[in-house]
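In: Kindly return the folded structure for what I paste below:
(one chain, ligands or ions: 1)
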Amino acid sequence: MATARWIASSVSFCTLILLGYACAHAPAPQLPALPEASPAQAIRYREDVEPVLEGRCVVCHGCYDAPCQLLTSSYDGIERGGSAHPVYDSSRLLPARPTRLGVDAQSVEAWRELGFHSVLGEGGDGGRSSLLLNMLALGRAHTFAAEQKLPEDLPLDINRSLSCPTADAFDDFARAHPMSGMPYGMAPLRDDELALLAGWVMRGAPAPDEPPLPARASVRSARSSIPAGKAARCRGQSGPRAPPRRARRRRGTAAGEAAPSG
Ligand code: HEC
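Out: Reported below is the predicted structural model:
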């Protein structure tokens with residue numbers, strides 16, 4: 001009896017070891033190659049890349065509490081990358097350090113120290129180390145049937161927890177969440193859009209040409225340069241809220257009525 005129990009527990013122990021080994025050595029998921037831009041084609045951030053990001057990514061990656069804090073709404077946001085720490089977490093007991101782009105850190109190195117990881121990758125390796133391109137390839141590999149409900153195993157509820165993998169953890173993420181490529185739950189990008197994003201990242205993701213704003217002026221100027229529609233969209237969705245304005249009028253002091261004296 002004791003021998004039988006010993007054999008059973010040895011078999012389950014070995015099975016666990018084998019499973020663990022198989023998982024650790026599972027082949028990398030096969031993803032389709034992204035379409036390539038011709039080498040002669042110039043790819044500029046403002047003219048070519050930004051319109052694709054604006055049209056397909058900013059709807060989710062545009063506000064303070066965007067998934068993985070990844071902001072594709074500006075070059076600085078993409079360069080900063082993603083973070084696995086959510087902005088809002090009601091189970092948090094201690095205050096978290098704010099991570100407002102352009103305010104709470106001023107360089108990529110400083111963001112890395114605050115826990116942000118690169119989505120652009122190293123450059124010069126054909127995009128293999130780019131989380132952004134891998135996420136797009138995963139989206140291209142697993143598309144959704146047109147005009148059908150999304151599959152049950154694609155969570156959409158607002159309180160679900162996100163993985164926010166680093167580039168190194170992408171293979172595990174792709175195996176566990178094959179339907180979670182980008183753009184999340186939506187139709188994949190067109191070939192020409194993918195070619196622009198992939199070409200830009202593979203060429204080292206060059207920054208826009210314009211000179212950077214002076215450090216002290218940047219936040220105020222950046223705020224005033226946000227188009228009104230975008231600002232309203234962000235205010236409606238998330239982000240640190242301004243405290244409600246004090247009512248200007250006191251009771252009984254409607255326009256034209258004299259305020260009580262004393
Ligand atoms: C419908 C909303 C939505 C859209 C549109 C969208 N994303 Fe995402 N994105 C997400 C969600 C949700 C996650 C987190 C997935 C997870 O971790 O489970 C994410 C994660 C990512 C990540 C990984 C970040 C990290 O730190 O691990 C990258 C890179 C990314 N998105 C790029 C893009 C790009 C590029 C586009 C546009 C082509 C895009 N996304 C469009 C919702 C979206």
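
In: mind listing what's buried in stretch 31-45?
Out: By 16 or more other CB atoms under 10 Å, the buried positions in stretch 31-45 come out as 31, 34-35, 37, 43, 45. From N, CA and C alone the C-beta is placed, and that goes for glycine too.

In: now, among those residues, which is nearest to L136?
Out: Of all the buried residues of stretch 31-45, L136 sits closest to L34, with 6.5 Å by CB to CB.

In: now, among the buried residues of stretch 31-45, which is nearest to the ligand?
Out: The ligand has its nearest neighbour among the buried residues of stretch 31-45 in L34, at 11.7 Å by CB to the nearest ligand atom.

In: Distance-wise, check the closest one relative to G121.
Out: Plainly put, L34 is 13 Å away from G121 if you go by CB to CB, to the nearest Å.

In: From the ligand, how far out is R92?
Out: Per CB to the nearest ligand atom, to the nearest Å, R92 is found 19 Å from the ligand.

In: Number of residues surrounding that residue?
Out: Burial of R92 is recorded as 10 neighbouring residues (other CB atoms under 10 Å).

In: before we move on, back to that, shared neighbours of L34 and G121, anything?
Out: Common contacts of L34 and G121 (CB atoms under 8 Å, 6 or more residues apart in numbering): 127, 133.

In: which of the buried residues of stretch 31-45 come close to the ligand?
Out: Applying CB under 6 Å from any ligand atom, the subset of the buried residues of stretch 31-45 adjacent to the ligand is empty.

In: Farthest-apart pair in those residues, please.
Out: The distance between the two most remote of the buried residues of stretch 31-45 (CB to CB) is 25.1 Å, for L31 and Y45.

In: residues from the stretch 101-250 of the chain in reach of the ligand?
Out: Checking the stretch 101-250 of the chain against the ligand by CB under 6 Å from any ligand atom, the hits are 119, 131-132, 135, 162-165, 180, 182-186, 189.

In: go with 8 Å
Out: Within the stretch 101-250 of the chain, the positions near the ligand by CB under 8 Å from any ligand atom are 117, 119, 131-132, 134-136, 139, 160, 162-166, 173, 177, 180, 182-186, 189, 193, 197.

In: Now do the buried residues in stretch 45-54.
Out: Buried residues in stretch 45-54, defined by neighbour count with 16+ other CB under 10 Å: 45, 48-50, 52-53.

In: How far away from the center of its chain is stretch 34-45?
Out: 23 Å (CA atoms, centre = their mean, to the nearest Å).

In: Quick one: end-to-end distance for it.
Out: End-to-end distance for stretch 34-45, by CA to CA, to the nearest Å: 19 Å.

In: Give the next helix or strand downstream of the helix or strand of the chain with the lowest mean pLDDT.
Out: Lowest by mean pLDDT, DSSP states H and E among the helices and strands of the chain is helix 2-24, with a mean of 51. Using DSSP states H and E, the helix or strand that follows helix 2-24 in sequence is helix 50-56.
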